[in-house]
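Q: My questions are about this predicted structure, shown below with the sequence.
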Amino acid sequence: MLLVPLGLALVVRLTPPEVLAAARDRAQQAEGKPVSYPAAAFIMLLWLLLLWLVVRWTLRPFGWYTLAEDGR
């Protein structure tokens, strides 16, 4: 839990000031752009579907995915 914040702090510290200034300018310009919530929801559903498939594939050797298919 401590590695990610420390890594981010290191990246910010090692990034040249010109690059940070350019990134902040781009972020301010993108601030007013429209946001598509339906597109975000669709992408989240795709990720959840992928996660479900991976979990099902991972648990298959243990037989845990068959509970609904056996009719128990």
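A: Received, thanks. The structure displayed is predicted, hence computed values, not measured ones.
Q: and stretch 22-40, how far apart are its ends?
A: 26 Å (CA to CA, to the nearest Å).
Q: For that stretch, what is the distance to the chain centroid?
A: 17 Å (CA atoms, centre = their mean, to the nearest Å).
Q: and that stretch, average pLDDT?
A: Mean pLDDT, stretch 22-40: 90.
Q: Could you give me the buried positions within it?
A: Residues of stretch 22-40 include none that count as buried (16 or more other CB atoms under 10 Å). C-beta: built from backbone N, CA, C; applies to glycine.
Q: Identify the single longest helix in this protein, thanks.
A: The residue-count maximum for a helix in the chain (DSSP state H) belongs to helix 37-59.
Q: Following the record's annotation, map out the domains of this structure.
A: Following automatic domain parsing, the chain resolves into domains at 1-32, 34-72.
Q: buried sites along stretch 37-52?
A: Per 16+ other CB under 10 Å, stretch 37-52 contains no buried residues.
Q: thinking in terms of the whole chain, how far from its middle is it?
A: Centroid separation for stretch 37-52 versus its chain: 10 Å, with CA atoms, centre = their mean.
Q: and the longest helix of the chain, what does it pack onto?
A: On a contact count with 3 or more CB pairs under 8 Å, 6 or more residues apart in numbering; DSSP states H and E, helix 37-59 meets no helix or strand.
Q: now that helix, how far from the centre of its chain.
A: Its chain's C-alpha centre and that of helix 37-59 lie 11 Å apart, by CA atoms, centre = their mean.
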